[in-house]
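Participant: The sequence isn't on hand, but the structure is:
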């Protein structure tokens, strides 16, 4: 059995008939891999891509916590050759080699790029699938601060246990105008504490008296009640130590990092072990026309356990 | 044990700083605790006032000769 330059096996006249099943299986497997879009060469450090790699139909995957470089070939190239690279580790992948035209030569985690060779210009063209696809982007805070208990951030999720307050810094930036925050509380130390929220900047909460304006609607069944008020925090929902399931909060922060009033829209829902179900809608704003870079969540008494994620709404 | 644990994720590995409340934070927490205690007290008083008003209303209705059944028809929810 022999193989093509690209690595595909084939039978030659000198092969014994008895060997054909093995060769046939190799060929079939190769066909399956190619049909699935592979094969993929996984690299954990920098790598120089060869012509043979390309002719074998390989894609290239970088998986490392440290930055690395894939180097494109510069000779024996044919018009229309294509190289697909992608990155799954935290270490950024940079592509270099020869002449590359295109603004994007470095990938981020879970992203990829395509390079197409155009012989007339002896140039690799970098094709980014869509540098800024619309949707939500998970945000990891630059730092967190917790009072009591413990807290940590991993993969954009902030997990906290038994804290009397949890603060996220550096989540509101000029990158996005608007943000969604999901808060899930699985346990509390006390019943009927109020869940409160304050905006912050530079690691300091804004607790200016009567700076948070809000109107809320609360319902525990067939009727609802509402009220409006001001305070030194935004009040949204009640913690309860007898949650039948976790309680959930969804916050939308509109323009917190801009020099304008920050609008806050919150929605919470929880079920008690008694079977009672409650929801609360809270809409409000902070009257300061200044930028904030984070927020603090805290119960009025006791401690909470759960997790928070912050997403940025992409502007375009 | 320190009051606040700060974890800085801009460094690798993250930097952890444990510190006490700043004077401003300590003052704010004290103010929050007082405000919460006042709110709890007001809530308890409102509940007690409501219960007393309910009891007085039922007693007054009964003094006029109404039964619990009749009161329930006139004021649903008043009689437990």
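Facilitator: Thanks, I have the structure now. All values reported here derive from a predicted model rather than from experimental measurement.
Participant: Is residue A:315 in contact with residue A:176, as I believe?
Facilitator: Yes. The criterion here is Cβ atoms under 8 Å, and residue A:315 meets it with residue A:176 at 6.3 Å. Using the backbone N, CA and C atoms, a C-beta is placed for each residue, glycine as well.
Participant: Compare those two (neighbour count), which wins?
Facilitator: residue A:176 (20 against 10; other Cβ atoms under 10 Å in any protein chain shown).
Participant: what sits against residue A:279?
Facilitator: A:218, A:219, A:267, A:268, A:269 (Cβ atoms under 8 Å, 6 or more residues apart in numbering or on different chains).
Participant: do that again at 7 Å, thanks
Facilitator: Residue A:279 sits next to A:219, A:268, A:269 when contact means Cβ atoms under 7 Å, 6 or more residues apart in numbering or on different chains.
Participant: Roughly how far does the residue nearest to residue A:195 when sequence neighbours are not counted sit from residue A:160?
Facilitator: Leaving aside its sequence neighbours, residue A:195 sits nearest to residue A:237 (Cβ to Cβ, 6 or more residues apart in numbering or on different chains; 4.6 Å). Distance of residue A:237 to residue A:160, given as Cβ to Cβ, to the nearest Å: 17 Å.
Participant: Same question for residue A:42.
Facilitator: According to Cβ to Cβ, residue A:42 stands 35 Å off from residue A:160.
Participant: Compare these two and say which is more crowded by neighbours.
Facilitator: Counted by other Cβ under 10 Å, residue A:42 and residue A:160 do not tie: residue A:160 has more neighbours, with 23 against 11.
Participant: And the helix or strand hosting that one, what's buried?
Facilitator: Assigned by DSSP states H and E, residue A:160 belongs to strand A:157-163. The neighbour-count check on strand A:157-163 (16 or more other Cβ atoms under 10 Å in any protein chain shown) flags A:158, A:160, A:161, A:162, A:163 as buried.
Participant: Could you count how many residues lie near the residue in the stretch 151-300 of chain A that chain B sits nearest to?
Facilitator: Proximity of the stretch 151-300 of chain A to chain B (Cβ to the nearest Cβ) peaks at residue A:300, 4.4 Å away. Residues lying near residue A:300 (other Cβ under 10 Å) number 22.
Participant: tally of neighbours for residue 55?
Facilitator: Assuming you mean chain A. Residue A:55: 16 neighbours (other Cβ under 10 Å).
Participant: was after chain B, sorry
Facilitator: For residue B:55, using other Cβ under 10 Å, the count is 11.
Participant: Residue B:40 now?
Facilitator: Neighbour tally, residue B:40, other Cβ under 10 Å: 15.
Participant: Need the per-residue pLDDT for it.
Facilitator: At residue B:40, the model reports a pLDDT of 84.
Participant: Okay, helices next: where are they in the chain?
Facilitator: All of this is about chain A. A:20-35, A:51-55 (DSSP state H).
Participant: Not quite, go with chain B.
Facilitator: Using DSSP H, helices in chain B cover B:23-63, B:68-74.
Participant: My guess is residue A:198 contacts residue A:231. True?
Facilitator: No. Residue A:198 is beyond contact range of residue A:231, at 10.0 Å (criterion: Cβ atoms under 7 Å).
Participant: who's more crowded, those two?
Facilitator: Between residue A:198 and residue A:231, counted using other Cβ under 10 Å, residue A:198 has the larger neighbour count: 25 against 17.
Participant: residues contacting the nearest residue to residue A:110 once chain neighbours are set aside?
Facilitator: Nearest non-adjacent residue to residue A:110, counting by Cβ to Cβ, 6+ apart: residue A:88, 6.2 Å away. For residue A:88, the contacting residues are A:61, A:63, A:109, A:110, by Cβ under 7 Å, 6+ apart.
Participant: do residue A:111 as well
Facilitator: Residue A:111 touches A:86, A:87, counting by Cβ under 7 Å, 6+ apart.
Participant: count of neighbours near the closest residue to residue B:21 other than its chain neighbours?
Facilitator: Closest residue to residue B:21 apart from its sequence neighbours, by Cβ to Cβ, 6+ apart: residue B:3 at 4.5 Å. The number of residues packed near residue B:3 is 15, by other Cβ under 10 Å.
Participant: Was I right to think residue B:3 contacts residue A:147?
Facilitator: Yes. Under the criterion of Cβ under 7 Å, residue B:3 makes contact with residue A:147 at 5.9 Å.
Participant: what do the two both touch?
Facilitator: Contacts common to residue B:3 and residue A:147, judged by Cβ under 7 Å, 6+ apart, are absent.
Participant: ok, back up a step: quick one: which of the helices of chain A is nearest chain B?
Facilitator: Nearest of the helices of chain A (Cβ to the nearest Cβ): helix A:51-55, 31.6 Å.
Participant: Which of the residues in that closest one are classified as buried?
Facilitator: A:53, A:54, A:55.
Participant: phi, psi of the residue of chain B most remote from its centre?
Facilitator: Distance to the chain centre peaks in chain B at residue B:12, reaching 42.7 Å (criterion: Cα atoms, centre = their mean). The phi and psi torsions at residue B:12 (degrees, to the nearest 10) take the values phi -130, psi 110.
Participant: Pull up the per-residue confidence for it.
Facilitator: 83.
Participant: hang on, the earlier thing: can you give the distance of the strand holding residue A:160 from its chain's centre?
Facilitator: 18 Å (Cα atoms, centre = their mean, to the nearest Å).
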